[in-house]
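# coordinates for the following, if possible.
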Amino acid sequence: QVQLVESGGGLVQAGGSLRLTCAASGRTIGSNTMGWFRQASGKERDFVAAISRGGGSTYYADSVKGRFTISRDNAKDTVYLQMNNLKPEDTAVYYCAARPLPATSGGWYDYWGQGTQVTVSS
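Numbering: from 1, shown residues only. Prediction:
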């Protein structure tokens, strides 16, 4: 089992930045692909970004490419999402997720955090 706890959300003006942190416990995340997802009010949960087990490969939704950066520190069992140039449409609850399968494999994620709210004002 992997337990995930997100932090770093908050209220920010458009154009601002936030850094989300996902701290894992229970089992090292080094054997897991890590991902970030978001869910806006009344909408489905969408993929945002993913990073391979060793951190050598990253993947992004088109809507965040060039603005968001996912990274990981396996020694600290922590994953980050740096969000720059935030837009009101980035407003959502952001979730950290983990799974043993590679990022390029189909399917969903096995472990999820509780989420952290990000609100971007215009």
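# which residue is nearest the middle of this structure?
W36 (2.3 Å; Cα atoms, centre = their mean).
# how about that residue, secondary structure?
Under DSSP: H, G, I helix; E, B strand; the rest coil, the three-state class of W36 is strand.
# wouldn't W112 be in contact with Y95 here?
Yes - the pair W112 / Y95 is scored as a contact, 5.7 Å apart, by Cβ atoms under 8 Å. To be clear about C-beta, it is placed using only N, CA and C from the backbone, and glycine gets the same treatment.
# those two: who's more crowded?
Neighbours per residue (other Cβ atoms under 10 Å) separate W112 from Y95, with Y95 holding more: 22 against 19.
# for the residue nearest to S52 when sequence neighbours are not counted, give its distance to I51.
Closest residue to S52 apart from its sequence neighbours, by Cβ to Cβ, 6 or more residues apart in numbering: A103 at 5.4 Å. According to Cβ to Cβ, to the nearest Å, A103 and I51 sit 7 Å apart.
# anything in contact with each of those two?
33, 35, 57, 59 (Cβ atoms under 8 Å, 6 or more residues apart in numbering).
# show me where this structure has strands.
For the chain, the strands defined by DSSP state E cover 3-7, 10-13, 18-25, 33-39, 45-51, 58-60, 68-73, 78-83, 92-99, 111-112, 116-121.
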